[in-house]
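K.L.:
next comes the sequence, and after it the predicted model I'd like to discuss.
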Amino acid sequence: MPKNNPVILSVETSCDETAAAVICSGKIVSNIVASQAIHAEYGGIVPELAARAHQQHIIPVVQEAMQAANITRAELDAVAFTQGPGLLGALLVGTSFAKAMAFALGIPLIAVHHMRGHILANFIEPPYPTFPLLGLTASGGHTQLVLVQDHLRMEVIGETQDDAIGEAFDKIGKLMGLSYPAGPLIDQYAQQGDPHRFKFPATTMPHLSFSFSGIKTAFLYFIRKAQKEDPQFVAKNLCDLCASIQHTLVGMLLEKLTKAVAATGIKTIAIAGGVAANAGLRTELNRLASQQAWELFIPQLAYCTDNAAMIGIAAHYHYLAGDFSGLGVKAMPRIAL
C-alpha cells in the first residue's frame, strides 16, 4: 500500500543531461547532474553520442545521488524515470535502468512526462503556486502555455508551430559565431547591450500559438546584408545584437502569456524550462507581473534546466495518487502532455 512519505529515486535522460535525484516525503535530498560537453564540438546534440554518454554516466550518477542522500536501495519505495518526450536512444537508457532497478527491488515504477516535470519544478521549494495556474514552458525543445488544474491535470492551450524558443536562441547564436549552447551566451552579452538598437520582426500567430522560425530567418538575412557592408559587423555590435534579439524573443513570449491571462482570467503564473534561467526573461516577467498584479513563480536556476529533481517531484504526486507503471511501459520520444 502506498505510503504518505515515500522515498523515490528518479532518473532523467531525455536529452544530454544524465541526472539522478532522491526525494523523501516530497523534499529533494540529493540532485546530481552529469553534463555532456562533447556536443559543443558539433554545434548541437548528436543523439547517438548522447545515448552512449548516458550509458556511461547512469550508474555513477545514481550511486552518487544515493550516497549524497545517505540512503540504501532497501529504503526506496519507488523508482521514477522520464518516459518522454526526448531523444529515443537517450530515453531508452533511463527507461531500461529504472525498469531493471524497480524489478530487482520489487518496488513500483513511475513513468513521468518530461514537460510535467518542468512545470512541477515550481513545487520543489516553497512558496508553492496555488491552482489553477498558467504554466509557460520555454526550453530548447518546447514552448508551451499550459493550463494546470492540479499536479496531475494539465492541458496545453498554446504551443510553438515550429522551432522552440531555446532552439531559436541557439540557432541565432550560431549565426553570430557563438559556441553551443548559445542561449546562455546571448543572455550574458545582452546584459551589456542596447535592446532597442536593432529592430527584428516578431512573428504574428493566431490565438495562443508561437512561431520562432521566421525571426531566425529574418535575423539570418539581416546579418548577411550587414556583413557584406562590414565583415566585422557582428564583432563590433555583438552586445547590442544579443540584447535586441533577446528583447524581441522575450517579447513574443510575454505577448502570448498576457493573452492567455486575459483569456483564462488566471493570474497565477509558473515559468518552467531551460529558458526560464534567462536573466532578460526573468527581469521582464517580474516587471510585467508587478504591473499586471500577477502572482509569479520561477524555479531556482538549478531546477530550470533538465534535472532529476523535477522528475522526482512529479513522481511524488504520481505515487500519492497510486499512478504506477507496469514493466511493459515504453520510452516515448513524442508524447502528449
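P.N.:
In hand now; what should we look at?

K.L.:
for L9, grab phi and psi.
P.N.:
Torsion angles at L9 (phi, psi; degrees, to the nearest 10) stand at phi -100, psi 130.

K.L.:
what average pLDDT does stretch 268-277 get?
P.N.:
Averaged over stretch 268-277, pLDDT sits at 95.

K.L.:
same deal with stretch 162-169?
P.N.:
Averaged over stretch 162-169, pLDDT sits at 94.

K.L.:
contacting residues around it?
P.N.:
138-143, 171, 182-183, 186, 210-213, 215-216, 246, 249, 252-253, 273-275 (Cβ atoms under 8 Å, 6 or more residues apart in numbering). Every C-beta, even on glycine, is put in place using the N, C-alpha and C of the backbone.

K.L.:
cutoff 7 Å now
P.N.:
Stretch 162-169 is contacted from outside by 138-143, 182-183, 186, 211-213, 215-216, 249, 253, 274-275, using Cβ atoms under 7 Å, 6 or more residues apart in numbering.

K.L.:
what do you get for stretch 205-220?
P.N.:
For stretch 205-220, contacts defined as Cβ under 7 Å, 6+ apart pick out 143, 145, 157-165, 168, 171-172, 175, 200-203, 245, 248-249, 252, 256, 259-260.

K.L.:
quick check on the contacts of stretch 162-169: which are buried?
P.N.:
138-143, 182-183, 186, 211-212, 215-216, 249, 253, 274-275 (16 or more other Cβ atoms under 10 Å).

K.L.:
out of the contacts of stretch 205-220, which are inside strands?
P.N.:
Using DSSP state E, the members of these that fall within strands are T143, L145, I157, G158, E159.

K.L.:
can you tell me how far the residue located most distally from the centre of the chain is from I223?
P.N.:
Relative to the mean C-alpha coordinate of the chain, counting by Cα atoms, centre = their mean, the farthest residue is E229 (38.6 Å). Distance, E229 to I223, using Cβ to Cβ, to the nearest Å: 11 Å.

K.L.:
same question, V148
P.N.:
39 Å.

K.L.:
those two: which is more packed in?
P.N.:
Set side by side, V148 and I223 show more neighbours around V148, with 22 against 17, by other Cβ atoms under 10 Å.

K.L.:
quickly list what A111 is bridged to.
P.N.:
Legend: beta-bridge partners of A111 under DSSP bridges are F81.

K.L.:
who's in contact with it?
P.N.:
For A111, the contacting residues are F81, Q83, S325, V329, by Cβ under 7 Å, 6+ apart.

K.L.:
same deal with H247?
P.N.:
Going by Cβ under 7 Å, 6+ apart, H247 touches P195.

K.L.:
now the spatially most central residue of the chain, nearest residue through space, not along the chain?
P.N.:
The centroid of the chain falls nearest to G273 when counting by Cα atoms, centre = their mean (2.7 Å). Closest residue to G273 apart from its sequence neighbours, by Cβ to Cβ, 6 or more residues apart in numbering: S139 at 3.4 Å.

K.L.:
and the one you found, backbone torsions?
P.N.:
With angles defined as degrees, to the nearest 10, S139 sits at phi -150, psi -170.

K.L.:
and it, how far from R287?
P.N.:
Applying Cβ to Cβ to S139 and R287 gives a distance of 22 Å.

K.L.:
cool, G84 as well?
P.N.:
35 Å.

K.L.:
compare the two (neighbour count), which wins?
P.N.:
Higher neighbour count among G84 and R287: G84, with 21 against 11, using other Cβ under 10 Å.

K.L.:
which ones are touching the more buried one?
P.N.:
The contact partners of G84, by Cβ under 7 Å, 6+ apart, come to L91, H114, A331, M332, P333, R334, I335.

K.L.:
secondary structure element for the third one?
P.N.:
It stands for A331. Under DSSP states H and E, no helix or strand contains A331.

K.L.:
neighbours of the nearest residue to it once chain neighbours are set aside, how many?
P.N.:
Sequence neighbours aside, L91 is the residue nearest to A331 in space, at 3.7 Å (criterion: Cβ to Cβ, 6+ apart). For L91, the neighbour count with other Cβ under 10 Å is 27.

K.L.:
and L91, what is it in contact with?
P.N.:
T13, S14, T82, G84, A331, P333.

K.L.:
how about 8 Å then?
P.N.:
By Cβ under 8 Å, 6+ apart, the contact set of L91 is T13, S14, T82, Q83, G84, A331, M332, P333.

K.L.:
for E48, same thing?
P.N.:
E48 makes contacts with G89, as judged by Cβ under 8 Å, 6+ apart.

K.L.:
for T143, see how far away it is.
P.N.:
For E48, the distance to T143 - Cβ to Cβ - is 26 Å.

K.L.:
now Y303
P.N.:
From Y303 across to T143, the span is 18 Å (Cβ to Cβ).

K.L.:
residues near the nearest residue to E284 once chain neighbours are set aside, how many?
P.N.:
Sequence neighbours aside, V250 is the residue nearest to E284 in space, at 5.4 Å (criterion: Cβ to Cβ, 6+ apart). Around V250 there are 22 other residues, counting by other Cβ under 10 Å.
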